[in-house]
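A.B. asks: Pasting the sequence and the predicted model now:
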Amino acid sequence: MTYEIEATVNRIIKLLDRDGNRDKATLSSLINAPTITSQRAQAVWPILMANLDKNQLSHTGVPTRGEVAVYTAIRFYAIYQQGQDQFVYGKASGDQPDGIKFFTALAKLRQNEETRKALDSRVQNVLATTNAASVINGLSHLNSLLKGRNGVQKIDFAWLAQDLYRLQASYEQATQVRLLWGQQYFRVQLATTKTEGVKN
């Protein structure tokens with residue numbers, strides 16, 4: 001199922017980008033609608049519902065894990081893409097990866113000593129949270145921070161969608177996802193510190 005989530009996000013982002021002729025109306029709605037149930041999100045529903053697999057769609061009006069994960073990922077993409085001429089979405093895996101995972105991008109930002117303490121605090125708040133809605137809210141703030149400080153580094157939002165899908169499954173899977181995010185966030189800094197130690 002997580003592969004289907006990744007494929008769905010890839011497909012929707014390509015449809016929104018339209019080879020550089022972006023769907024500005026839908027992207028604007030995504031930016032201004034924090035959740036799939038927000039009123040402004042209704043403009044996004046046609047493209048979202050048409051691309052979700054039947055088993056990912058709600059039949060009760062309560063969003064499924066798939067709907068929440070995919071919507072959140074494409075919203076983060078829309079926010080990150082806003083105001084950029086260059087396409088800022090990329091894959092972190094595959095034959096020719098051109099993007100990086102969300103927390104790996106944050107780890108690169110963490111290398112700036114001036115902002116590290118504040119960034120660590122925000123990330124640790126997300127890693128300590130068990131409620132999915134609170135995690136998504138915290139990630140939204142981190143996404144905005146990345147947009148403001150990270151330039152045009154390509155991010156793999158489909159990979160993040162897979163993580164968000166798993167995060168909502170069970171306490172055990174949420175714990176695994178949070179550990180994975182922690183590993184991605186702290187690992188790069190450790191490698192940088194070891195390299196600097198060798199230089200000295």
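C.D. replies: Noted; the coordinates are in hand. Computed from a predicted model, the values in this text were never measured in an experiment. Residues are numbered from 1 along each chain as shown.

A.B. asks: in terms of contact, does Gly99 touch Tyr80 like I think?
C.D. replies: No. Gly99 is beyond contact range of Tyr80, at 11.0 Å (criterion: C-beta atoms under 8 Å). Quick note: C-beta positions are derived from backbone N, CA and C, even for glycine.

A.B. asks: Which parts of this protein are strands?
C.D. replies: Counting by DSSP state E, the chain has no strands to list.

A.B. asks: Okay, now the unreliable bits of it?
C.D. replies: Residues of the chain meeting the criterion pLDDT under 70: 1-2, 95, 150-151, 188-200.

A.B. asks: Run through the helices of it in chain order.
C.D. replies: Along the chain, the segments classed as helices by DSSP state H run 2-17, 24-31, 45-51, 65-81, 102-110, 113-127, 132-149, 157-167, 171-199.

A.B. asks: among the ones you listed, which is nearest Ser93?
C.D. replies: Proximity to Ser93, assessed across those by C-beta to C-beta, is greatest for helix 157-167 (7.5 Å).

A.B. asks: just checking, what packs against the closest one?
C.D. replies: Applying 3 or more C-beta pairs under 8 Å, 6 or more residues apart in numbering; DSSP states H and E, one finds that helix 157-167 makes contact with helix 2-17, helix 65-81, helix 102-110, helix 132-149, helix 171-199.

A.B. asks: Would you enumerate the residues in contact with Ile155?
C.D. replies: Taking C-beta atoms under 8 Å, 6 or more residues apart in numbering, we find Ile155 in contact with Phe76, Tyr77, Tyr80, Val88, Tyr89, Gly90, Gly99, Ile100, Lys101, Phe102, Ala105, Leu146.

A.B. asks: Surely the last one touches Leu106?
C.D. replies: Yes. Distance between Leu146 and Leu106: 6.6 Å, which falls inside the contact criterion (C-beta under 8 Å).

A.B. asks: More neighbours: these two, which one.
C.D. replies: Leu106 (27 against 22; other C-beta atoms under 10 Å).

A.B. asks: Report the contact partners of that one.
C.D. replies: Leu106 neighbours (C-beta under 8 Å, 6+ apart): Leu119, Val123, Leu142, Leu146, Tyr185.

A.B. asks: Test my guess that the first one contacts Arg110.
C.D. replies: Meaning Leu119. Yes. Using C-beta under 8 Å, Leu119 makes contact with Arg110 at a distance of 5.6 Å.

A.B. asks: Most tightly packed of the helices and strands packed on helix 157-167?
C.D. replies: Most buried of these by mean neighbour count (mean count of other C-beta atoms under 10 Å) is helix 65-81; its value is a mean of 25.

A.B. asks: Arg116 is in contact with Arg110, isn't it?
C.D. replies: Yes. Between Arg116 and Arg110 there is a contact under C-beta under 8 Å: 5.4 Å.
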